[in-house]
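S.K.: 3D model of this:
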Amino acid sequence: MFSTITAAPAKQSVSETIAVLSGRLNTATLLEDRRAAILGLRSFSKQYPASVASGALRSLIGSLSRDGEDVDTVKVVLETLLMLFSPNEDSPEASEEIALWLADEFTQRQENITLLLDLLDTTDFYSRLYSLQLLSHIHFARTERTEECVLVAPLGIPRLVAVLDDRREAVRDAAISLLIDLTAESVDIQKLVAFEKGFERIFEIITNEGGLVEGARVVEDCLILLANLLRLNASNQSNVREMGFIARLAHLLRSAYKGSTDGEEVAQWAEEQRNRNIYALLALIRLFLVPGAAGTPANQIAFLNDRVLENTLQLGFTYGVDLPIRAEALAACADMIRGNARLQERFAGQEVPSPLANPAMNGPGPHSNGVPKVYVIDGLLDLILAVNSLMEFDLRMAACNCLKAYFNNHEEIRKHFLTRAIQGHKMQADELTNIFTTLLQPVPEQVTADPYRYWFAAVLMLHLVHENPTTKHLAMEVTEGDEASGEEVVTSIQTVASHLLRSVARNDDPRVIICYLMLLLCWLFEDLDAVNDFLGEFTNLQGLIQAAVENPNGDIIVQGLSAMLIGVVYEFSTKDSPVPRAKVREMVMSRMGRDRYVDKLTRLRSYPLMRDYEILPQKLDLSLDQKLPDVYLDDTFVEFFKDNYSRIIRAIDRDPGLEISVITNGVQKGISRELVDSLRAQLEEKDRALEDFAAEKASLTSQLGQEQADHRRTKEQSASDVHRANEAVEHMRVQLGAKDHAIQNIEALVATLKQNLAKEQAEHQRSRAEATRLKTVNDGLQRAHEQELSKLAKEYRTKESQLQKQIETARREAKNKEDELTKQVEAVRREQATQLESLQREHQAKLDALQREHSQQIETARKTAEQETERAARRFEADKADLKATISRMEVDLMKANKARTDGENKLKDLETRLTKTDEALSAAERKLAEAEKTVKSTGERVEELEQRLKGVVEEREEVERLLKEKEDAVAEVEKTLKDKEGEMVSMREKLEGMEKEKEEAVQKAVEEIRKELETTKINDKAEDDAATGAEKAAAIEAEAAAKAAAAASEIETRLQKEKEDELAQMRKQLEKEREEAVAKAVAEAVAKAVEEAKKEATKQVKEVKEKLDEEIKIAQSERDDLLLLFDDLEEKRQKYKEQLKKLGGEVSEDEEEEEEDEDGAEDED
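M.R.: Numbering: from 1, shown residues only. As a prediction, the model looks like this:
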């Protein structure tokens, strides 16, 4: 009985079960089976992530593609994948490497990331939410690769940004979180998000969520996302500025500080979230204000114009707002005005609530929120110097930074602020908030309660005098004590030094000592007057050395800064200082020594508070239970110390005799004493040289007086000599009167010159005769031109014979037109020969008759060409009719094919056979189309033959026209040449007349010169010899003038001959060139005009035939495709009916199955 009981099945292990489920997921054909396998895998994914991932990860990813339309399946798959990324902590397979493995599987294949992004196009809640969460997990594991895949994916970023419009908060928040991760480092993604209206969507979410005051965590996330988009991204910042989003930032700030003062009770978590939102917005604003960035000035102006600066400032002074937020607001204000002169100047005019007034104690009044208003500079000073709460240290530090930004790189503001402070100090007004009064008043014995009051005052003063000689001088002029009352007058530097030494002696808080040391270091550096003022009290240097060596606390910062101040004093002291430079070095070396001096500075340089200043937070840390924060140094001073550390540490090695030269306000101060002594010695030598020069000058002056007396005597003697010479000249003039007869001889010489002029005129007549001869030469050239024309005519006959041969060839090809064309060509040739001969004999007389005959010939040739064109057109029409008949036959064939296809619709079994016949009919139609194309081609060849015939006729006609035109141009050119030559003859005459005038002027000039020479020779009583010499000169001049005239005439003749030859040669070249161009142009135009219309008509007909055939073929193919689709639809419906029948429990007969298999086999064979 018990032998029939079967044993229980063996229990499967987890790995075996996962393997079975994975195999079922890969092989199952039904959607329900695959979904069941996925559900089974999901149940194991939390506890056994490695096993599930190794066996079914790719199948799960493939299910997203294969079953993507099924929402339930997609949801289960995404849940399973999310569980694999976050398994249970107690899972034996839990490991960080699993997440890397999963992320690699997604990111190594671009299509996997694209699958997840495609799910964002659906409206299903879980598909969107889980796909976003899954992308976040992948990005966390493989950041760079995921960002690349999202960028490459089609519409990847636009899809993610579009999810921000989803009304479902969970989906929207997941999209914001993913975008925060993606935009943290990738600049390309930041720009794409901004391009897809990301800023507008983010601000819309913030507004809908209630802004900063009422908004939840999503508002903070939106601000973080905005920060990622704007951080170091100039283009996105420019977009925000230009699209008007700065005004929305101002609105958010205004609502923030107004909401903080409403007095309504808010839950603690809501208040914390509100503070986080406001702090995030302030941090976002500071991203626009990075020092040195290119867009920072424009952003600062935009913040001013849109009242962001005003609203931020109000937030920083609003009572009731958390202190960290107020401190951050003031830090943002400092960034808004730093380095911008326009904003710095307008900043002082802002009004803010008084920080010393408590709103609870002020009833409602004319003041905003019951708090009186003060100017922002006064309010900042109140915060810095009048508030002594340790909890408000960060706020005081931010206010100090705001004032430092107000001073930054603006000399006028520094000077104005310092002047006001000095005036207030002298008037003893606002002693509590006056930095001068704070620094110069005696330090109380106990300053441990608020040492930062003096520290902040010293830091502000440091920024006023740092690298500014003007403000240093103003501050140094402030004194304490009334000299008229017998009090000792103490300068401001000596007062500060006295407070420093007193604090060291009393062992005050190191912050007070350090602040005085920082101020004195920046004040005395490169200021010789300030150093001398400091050394005016001998005890200052002694106390300073003692502070550096014997400091009771042994504070490294105090000792190091004291040593550095000693180095600055020595570096900029002089021989004339109250304590001479050599004495200062002696005191340092005797009481401190070089090694200790260097050691103090070196230890300070490596001290953490100095070395790591840039990375240490300069804030109050309440978690350390500190009484006071570890803030000792100022950022500007740290930079000053590190820049000048090397110089000051080497200063002690410099010789006391070598002083440092310093240029202050354009005035050089300080120089080497040895150089001064040498210059003084040189000056004494110069003085002695000047005395010697003065004595020498006196002796030279006496010599000059004696020379002047001698000169006067010489002048008087010269005057008497001149008088005697004038009398001699007058006597010679009387003697010259007797020489007038010599002038008559000159007149006779002039008559002789006139005779010579007559000869020159005769020579001029001969020149005219020569011009006539040149005209004869011109006529000879004209005859040569006619001979050239005869030569051209011979060349024309040669070409005409060539044309005759071509006409003979054409006549053999077209016998019907041979006789007619030959007669026309011969008649044209005879007429052309006759016209050319008559042109040579008579020129212009026979030109009119030649034109009439030419026009008759052209008309005859035109009629002949028209007849040939008509015949060609008739032949073309016949060919066209043949083509139409061919097309008609093709249409009949196509109709038969259509009829065959219609019959095929009623018989599905014979469908393939009839379609084959249709294809054969189409092939026949294509062959007929090819035949038609061949026919068209033969027609084109016939057209080309007609074009060749027309070409010969047109060439003859164009040749005749060209020759006639050439002859006309030649005659006109000859006439033009004759006119030009006549003009040249006229110009030659004018030139000759000018030469005659030049001769006359030369003769007259010669006569005048001779007359002048005669007048000069009268003094020497040689009139007769001079007259003879003048005659010889006149003769020489005459001969020279004649030679010049002859040379000019010869040159003119030579130039005219050369110009004539050049013009004739140029005319020949131009005629030959024009002839060749005319022939080529005539041939091209004739061919183009004759062929154009025939080709157009033939092309049009062929195109129409092809279009009709193509249309018929397309119709046939479309009908065939419709039949195939119909058959496929019927087969698909048949398969569906069979499947439904099987599901309902019916059976399919064996005949039907065999018939189906046969059909499948037939399809496979096909």
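
S.K.: Just the pLDDT for L31.
M.R.: For L31, the pLDDT comes out at 87.

S.K.: nope, R783 is what I meant
M.R.: At R783, pLDDT is 74.

S.K.: State the distance from it to A475.
M.R.: R783 sits 112 Å away from A475, going by Cβ to Cβ, to the nearest Å. Heads up, the C-betas are built off the backbone N, CA and C, glycines and all.

S.K.: Which one of those two is surrounded by more residues?
M.R.: A475 (24 against 10; other Cβ atoms under 10 Å).

S.K.: That one contacts V465, doesn't it?
M.R.: Yes. With contacts counted by Cβ atoms under 8 Å, A475 reaches V465, the gap being 5.8 Å.

S.K.: And for V584, the neighbour number?
M.R.: 21.

S.K.: before we move on, what about R453?
M.R.: R453: 20 neighbours (other Cβ under 10 Å).

S.K.: What residue, apart from its backbone neighbours, is nearest it spatially?
M.R.: L385 (5.6 Å; Cβ to Cβ, 6 or more residues apart in numbering).

S.K.: joint contacts of A475 and V465?
M.R.: Shared contacts of A475 and V465, defined by Cβ atoms under 8 Å, 6 or more residues apart in numbering, are found at W523.

S.K.: follow-up on the earlier one: wouldn't the residue nearest to R453 be in contact with A457 here?
M.R.: Yes. With contact defined as Cβ under 8 Å, L385 and A457 form a contacting pair (6.4 Å).

S.K.: Show me the common contact partners of these two, please.
M.R.: With Cβ under 8 Å, 6+ apart as the test, L385 and A457 both reach 435, 438.

S.K.: how far away is the residue nearest to P510 when sequence neighbours are not counted from Y597?
M.R.: Nearest-residue entry for P510: D555, 5.0 Å, with adjacent residues in sequence omitted and distances by Cβ to Cβ, 6+ apart. As judged by Cβ to Cβ, D555 and Y597 stand 17 Å apart.

S.K.: Kindly report the same for F44.
M.R.: Going from F44 to Y597 by Cβ to Cβ gives 75 Å.

S.K.: which one of the two has more residues nearby?
M.R.: Y597 (24 against 20).

S.K.: Low-confidence regions, the stretch 401-550 of the chain specifically.
M.R.: For the stretch 401-550 of the chain, applying pLDDT under 70 flags the ranges 445-448.

S.K.: so where do the strands sit in it?
M.R.: 479-480, 490-491 (DSSP state E, counting those that start in this stretch).

S.K.: highest average neighbour count across those?
M.R.: Comparing those by mean neighbour count (mean count of other Cβ atoms under 10 Å), strand 490-491 ranks first with a mean of 18.

S.K.: tell me which strands and helices that strand is in contact with?
M.R.: Here strand 490-491 touches strand 479-480, going by 3 or more Cβ pairs under 8 Å, 6 or more residues apart in numbering; DSSP states H and E.

S.K.: Which strand or helix spans V352?
M.R.: V352 belongs to strand 351-353 when elements are defined using DSSP states H and E.

S.K.: tell me the mean pLDDT over that strand?
M.R.: For strand 351-353, the mean pLDDT works out to 93.

S.K.: what's next to that strand, contact-wise?
M.R.: Contacts for strand 351-353 (Cβ under 8 Å, 6+ apart): 313-314, 316-319, 367-369, 371-376, 379.

S.K.: For these, pick the one with the most neighbours.
M.R.: Highest neighbour count within the contacts of strand 351-353: G316, with 30 neighbours (other Cβ under 10 Å).

S.K.: State the pLDDT value of it.
M.R.: 93.

S.K.: Can you list the strands that the strand holding V352 pairs with?
M.R.: strand 373-375 (antiparallel) (DSSP bridges).

S.K.: Mind giving me the packing neighbours of whichever helix or strand comes after the strand it pairs with?
M.R.: Downstream of strand 373-375, the next assigned helix or strand under DSSP H and E is helix 376-381. Judged by 3+ Cβ pairs under 8 Å, 6+ apart, helix 376-381 is in contact with strand 351-353, helix 393-407.

S.K.: Tell me which residues are up against helix 376-381.
M.R.: 313, 317, 330, 347-348, 350-355, 399-400, 402-403, 406, 417, 433, 435.

S.K.: if you set the cut-off to 6 Å instead, what comes out?
M.R.: The contact list for helix 376-381 (Cβ atoms under 6 Å, 6 or more residues apart in numbering) reads 348, 350, 352, 355, 399, 402-403, 433.
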